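K.L.:
what follows is a predicted protein model with its sequence.
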Amino acid sequence: MPNLEHPAYPAAALLHLESLVPCRESQVSMLLSIFGERQQFSFPSIFIYGHTSSGKTYVMQTLLNTLQLPHVFVNCVECFTSRLLLEEILIQLQSCSSETEPTSPVPCDTFNDFVRLFKQALVSRELQDQTLYIVLDRAEQLREMEANILPAFLRLQELTDSNVTVVLLSEIVWELFRPNVGCFDPLTLYFPDYSIGHLQKILSQNHPPEYTADFYAAYINILLGVFYMVCRDLKELRHLAALNFSKYCEPVVRGEANERDTRKLWKNIEPHLKKAMQTVYLREISSSQWERLQHDGGEPGQLKGLSAHTHVELPYYSKFLLIAAYLASYNPVRTDKRLFLKHHGKMKKTNFMKKHEKTSNHLLGPKPFPLDRLLAILYSIVDKRVAPTANIFSQITSLVTLQLLSMVGQNDQLEGPRYKCTVSLDFIRAVARTVNFDIIKYLYDFL
Amino acid sequence: MSTCSVSKGCFVFKPSAKKRKLSQSTAHDFGIRNDDSEDTELRFVTCQSLWNQIKSETEKVQEDLNKQLLDNLMNFLSRFHSEFQEKTAEWTCRMKFREIPTAALVLGVNVTDHELTFKSVSDFLQNNITPYIALLEAKDCPGVKNLMQKLMGQLMNCYVDVDSLEDEDYVQVSQNRIRCSMSSLIKWYESVTKKTDSEAPSKKRTTSAHWQSPPVVVIFKDMESFTTKVLQDFIVICSQHIHELPLVLIFGIATSPMIIHRLLPHSVSSLLCIELFQSLSCKDHLSTIIDKLLLTAQFPFKLGEKVLQVLINIFLYHDFSVQNFIKGFQLCIVEHFYSQPLSVLCCQLVDLQKRVHSLSHDQCENIRRLPSFRRYVEEQESGKQVALLTTDNFLKEEIQKLLEDLHVYHENYVSILRCLHVFTSSLPKYPLGKQIRELHCACLENQVWETEEYESSLQLARMLNKSDLVTMLQQCMEILLSSSGKEFDKTVEKLKKFLTEFQNLEVAEAFQEQDVSISSQKELQKKTDLYHLQKTLLELKESRRTKKLTKFEMLRFEVVDYIDSLVRKYLVPADRRTLHEILYFNTAAVLRGHLNAAPRTALHTALNNPHWYLKNQALKCDGGSISNKAPDICIVYKLHLECGRLINLVDWLEAFSTVVMAGEEPNADTASSDQMDDIIHARFIRAVSELELLGFIKPSKQKTDHVARLTWGGC
């Protein structure tokens, strides 16, 4: 295990830092060597990427805070316009280390303004002799801002002619960022995923005060055994660990087992964790509901998850409209005559059955259809005569707002709107069953 | 303002009815259609007061129905609130990820009713929990920027604009003061709560309903319509600040909660602590409304069978909207009081006498013209007939008696209907419908005891088991006891008698059964060989078939017959009653015309048969021919109906000019005919572009001198 060493920083601080960033020592020492000493110019821009919760943000924040390096930390999701982003950086710059009362933020619309104001701020704050770090978290959002923002940040050192380093944190690789030719390539650094050993080590670190570290580590071991296959997100795992720990302790609290009785404890907790994986992990039921359930000792079966409520009640004609839309989406146009006309002429069955499409329409997904076709199918599948009243048309629109249909292409009523049906086969079969309509008989794929 | 209309265009928004003064002129308008303008003012006032009563009743119903939902919501919020307040250093709290509390409100597909539910939810929260509520709609939030802007605008009650680039100084100033970001929201929240905290000591005695550091509630009205990106970004931003800002999200969901998983990936939904809340289904809501508005003697105004059917059909077949049902009901009231001069008598019993006595001679004549009254007169003896038809005062007395009878009839009707419903709603397959509204319609339509369904349900009722029968009788008794009708003393007595008889039966039967079973068993034990056993069994079977009805069965027949007699006595359809026209609104055609708009049919009629709307004799055309007197657009429309998908403009013009010139004399000189051609050409072009505007044709890209037809079929 490499110990952190750097001549510029006191050994005590480094030791403290090392204890705070378990399993990320090599990345930290790499960063430290790139940063150099306080007054030294560093690399103009650094790009750090790695999977969700591989410690990018945490390591960066801890490093900068512990060593008390001047820095600005901005989350790009939060600053959804370039203007907000730039102003946020300036505000943080003004307020972070100087104790003077925060002056009202100056409007900063363009990058040009930003460079000017940034230089002013540096001078007023006497930061010229140290490297200032600007960390942009979730930097992939920068791609959606104006085209000049990302290249300019990469060259900020050059543009402002001052000692500044921009650190970009992202979950995606640099290749997906690179705007165009002539852009400055940052130094890229990869944070690998935590291995199961790492996770075990990190999660075991924070054991509850009432129990011993070994006891908690054994629990974490079981937890990872169940969840590691589906979830490597440290935050989520920690959350799950906290949620289920009380259940794990139950036999100990009741005096049925002692802390060493691993097998008994495992038998108690394992089915519980499996259940948690199917419910609370998927957010089928909320964590507070889960906790209450645990507390009351009830069975999780009695609480229905979100996905259990799939039934949607619709007005009578809406059901038929939806069925008609489904048929129009998944049947080829040429089959309409065969399916919906009583006297469809001499279209031989064999001829009709000869499938030109090799793949099933259900694999290809819904196809758009015009309004007139929808109405024509509707009139032929409803037994009664349907008057084309405004009520029918408004139902089509409300089906669109309910996202059961979706409008395709231009939004022009005069052009004859086209729709797609977005519901699944299971859904439409459930709807058709309620109106006694055998939809399978009308679907070309199943003939 | 918004509309629920499908089409895009201009909409006229009339000022809400509340603003309308109860002025002379309005009352005058009310009577304009009828020249006799009988008692218009009084009718108007009656209509208004009746509607106000009904409106407050519906609001009360709505409130009661929402109560459960609101209480659940309150519990949910208070749980999270205490969690937020604690801020304990406890281990689990530190380890656990702080999720955003989220209430998923499943409201059903009747989107038009949601507005009211949201209003009551936000009012409730505002009154009890927190002043900080923002209601967001998808159409206002195409991006996170707009969402934040809307949110902060609603929370801080001021106008905030993000992009001040194109705006003036004013916005610039406000922009400088409030940046549209989460951090400024937090700053605002801190300052607001601090202010109230400092005020709190002085205010503590006063009833400040809001909680300490109240949560900020953000309601997404139509979850389905929000784009994924906006929601995701907003939730990610919120989750980063949940420690400083106690946010609570409420998702209004119309379809199913699955939509949450469809809209949000796991990484985002894992930031939420979602709990499900289900509002009452719209069908139950409608049942309650019908129960409280129609099946009650509280309101004199009644709906006829056809009208009720129209309203229920619109509800079940088209929109599931209770609000629309109530609107339809309101329309019925207005239409009834507007079109029926005798509706002045549609009032509470207490006012009846005065109003009957102040009837004018014309009104008396109106009454004499009522078909139901004429039927009644014919049944009377001749002396009374003459008196009724000639003496106004005698007529008035008679009217009052008849109307009082009608009120009594209605009270009894409702009670007996409920009793009958108790029976029919528990029969297998529900021959008379599961809901009381179906039964009500059946009874209004014609004499229910003559229908096949009634016959079959009586037969089924004759097969009910005892325990069911007893509970039903008890239910009926409760209904009759609670009803205001005075005639039911005897009925209740009778039902009580039935119940005691059933009880006696139970005791007797217990003895009997024991006897039978023991004796038969003994017999079986005696005979052991197969032949004899078979014989005995056959005998037993035979005896059972021919056996006389048991006491219980007799009693059951008696009960069912009694119920049948009650039905025959009290559930006479309303239109058989004299003077039902005064209280019952039954012109369904008018209502259908108002509520079932058929724009395509109307347009086709207007263009195909302009006489229908213009009422000009010259336009009266016979069959399919085209008159040259018709407006140009009608001629062009008729000609285009004969064409295929692509229409050649030159041919069309040719046909148009032939039709237009048909009536002109041909001997005009060339110069004027040239000019004529120009005019016809211009008229033609104008008519064609009008058709294009109406959406019947569009320019075609396939052939330059052709236009494409967009509509097919007759309407």
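P.N.:
That came through fine.
K.L.:
now the stretch 151-300 of chain A, which segments are flagged as low pLDDT?
P.N.:
By pLDDT under 70, the low-scoring segments of the stretch 151-300 of chain A are A:181, A:297-300.
K.L.:
how does it look with 80?
P.N.:
Scanning the stretch 151-300 of chain A for pLDDT under 80 picks out A:178-182, A:209, A:256-260, A:280-283, A:291-300.
K.L.:
got the residues of it near chain B?
P.N.:
Where proximity means CB under 8 Å from any CB of the partner chain, the interface of the stretch 151-300 of chain A facing chain B comprises A:206, A:208-210, A:233, A:235-236, A:238-239, A:241-243, A:245-246, A:282-283, A:286-289. For glycine as for every other residue, the C-beta is placed from the backbone atoms N, C-alpha and C.
K.L.:
at 6 Å what do you get?
P.N.:
With CB under 6 Å from any CB of the partner chain as the criterion, the stretch 151-300 of chain A comes near chain B at residues A:208, A:235, A:238-239, A:242, A:283, A:286-288.
K.L.:
could you point out which element follows the helix of greatest length in chain A?
P.N.:
Longest helix in chain A, counting residues (DSSP state H): helix A:234-254. Moving toward the C-terminus from helix A:234-254, the next helix or strand (DSSP states H and E) is helix A:262-278.
K.L.:
show me what that next one packs onto, helices and strands only.
P.N.:
Using 3 or more CB pairs under 6 Å, 6 or more residues apart in numbering or on different chains; DSSP states H and E, the elements in contact with helix A:262-278 are helix A:213-227, helix A:234-254.
K.L.:
and the contacts of that helix?
P.N.:
Under the criterion CB atoms under 6 Å, 6 or more residues apart in numbering or on different chains, residues A:218, A:222, A:226, A:247-248, A:251, A:257, A:300 lie in contact with helix A:262-278.
K.L.:
okay, now the domains of chain A?
P.N.:
According to the TED database, chain A comprises the domains A:11-190, A:196-308, A:316-341+A:363-446.
K.L.:
take those domains and write them to JSON lines, including mean neighbour count.
P.N.:
Formatted as JSON lines, the domains of chain A follow (neighbours: other CB atoms under 10 Å in any protein chain shown):
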{"stretch": "domain A:11-190", "mean neighbour count": "17"}
{"stretch": "domain A:196-308", "mean neighbour count": "17"}
{"stretch": "domain A:316-341+A:363-446", "mean neighbour count": "18"}
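K.L.:
between those, which gets nearest to B:Glu438?
P.N.:
With distances scored as CB to CB, the stretch of those nearest to B:Glu438 is domain A:316-341+A:363-446 (14.8 Å).
K.L.:
okay, how far is it across that closest one, tip to tip?
P.N.:
Across its full length, domain A:316-341+A:363-446 reaches 25 Å end to end, with CA to CA, to the nearest Å as the criterion.
K.L.:
near chain B, anything from that domain?
P.N.:
Yes: taking CB under 6 Å from any CB as the criterion, domain A:316-341+A:363-446 and chain B are in contact, through A:316-317, A:387-391, A:393-394, A:397, A:401-403, A:414, A:416.
K.L.:
from these, pick the one nearest B:Asp564.
P.N.:
Using CB to CB, A:Tyr316 is the member of the residues of domain A:316-341+A:363-446 next to chain B that sits closest to B:Asp564, with 33.3 Å.
K.L.:
list the residues that contact that closest one.
P.N.:
For A:Tyr316, the residues meeting the contact criterion (CB under 6 Å, 6+ apart) are B:316-317.
K.L.:
cutoff 10 Å now
P.N.:
With contact taken as CB atoms under 10 Å, 6 or more residues apart in numbering or on different chains, A:Tyr316 is in contact with A:382, A:434-435, B:313, B:315-318, B:320.
K.L.:
between those, which is closest to B:Trp188?
P.N.:
B:Phe320 (40.2 Å).
K.L.:
for that closest one, which non-adjacent residue is spatially closest?
P.N.:
The shortest distance from B:Phe320 to any non-neighbouring residue, by CB to CB, 6 or more residues apart in numbering or on different chains, is to B:Asn110 (4.0 Å).
K.L.:
residues touching the one you found, list them.
P.N.:
Taking CB under 10 Å, 6+ apart as the definition of contact, the neighbours of B:Asn110 are A:313-315, A:398, B:117, B:254, B:281-283, B:285-286, B:315, B:319-324.
K.L.:
repeat that with 8 Å
P.N.:
Contact criterion CB atoms under 8 Å, 6 or more residues apart in numbering or on different chains gives B:282, B:319-322 as the residues in contact with B:Asn110.
K.L.:
dihedrals phi and psi, it?
P.N.:
Taking degrees, to the nearest 10, you get phi -80, psi 80 for the backbone angles of B:Asn110.
K.L.:
can you pull out the helices in the stretch 301-450 of chain B?
P.N.:
Taking DSSP state H, counting those that start in this stretch to define them, one finds helices in the stretch 301-450 of chain B at B:305-313, B:322-339, B:349-357, B:361-369, B:371-379, B:382-390, B:392-424, B:436-445.
K.L.:
give me the low-pLDDT residue ranges for chain B?
P.N.:
In chain B the weaker segments, taking pLDDT under 80 as the threshold, are B:1-39, B:82-98, B:157-180, B:194-213, B:483-487, B:505-537, B:539-551, B:616-628, B:662-676, B:710-715.
K.L.:
could you look up the SS state of B:Val218?
P.N.:
strand (DSSP: H, G, I helix; E, B strand; the rest coil).
K.L.:
can you map out the strands along the stretch 501-650 of chain B?
P.N.:
Assigned strands in the stretch 501-650 of chain B, in chain order: B:584-585, B:646-648 (criterion: DSSP state E, counting those that start in this stretch).
K.L.:
neighbour-wise, which of the contacts of B:Asn110 leads?
P.N.:
Among these, the one with the most neighbours (other CB atoms under 10 Å in any protein chain shown) is B:Phe320, at 27 neighbours.
K.L.:
out of the contacts of B:Asn110, who's nearest chain A?
P.N.:
Lowest distance from chain A to the contacts of B:Asn110 (CB to the nearest CB) belongs to B:Phe320, with 5.0 Å.
K.L.:
how near is the closest residue to chain B within the stretch 51-200 of chain A to A:Thr110?
P.N.:
Chain B sits closest to A:Phe80 of the stretch 51-200 of chain A, with a gap of 4.6 Å, by CB to the nearest CB. A:Phe80 sits at a distance of 17 Å from A:Thr110 (criterion: CB to CB, to the nearest Å).
K.L.:
one more: A:Arg178?
P.N.:
Between A:Arg178 and A:Thr110 the distance, using CB to CB, works out to 23 Å.
K.L.:
please apply the same query to A:Ser19.
P.N.:
A:Ser19 sits 44 Å away from A:Thr110 when distances are taken as CB to CB.
K.L.:
next: B:Leu555.
P.N.:
94 Å.
K.L.:
nearest spatial neighbour of residue 434, skipping sequence neighbours?
P.N.:
Picked chain A for this. Spatially, and ignoring its direct neighbours in sequence, A:Thr434 is nearest to A:Lys319 (6.7 Å; CB to CB, 6+ apart).
K.L.:
my question was about chain B
P.N.:
Once flanking residues are discounted, B:Lys434 sits nearest to B:Ser425: 6.0 Å by CB to CB, 6+ apart.
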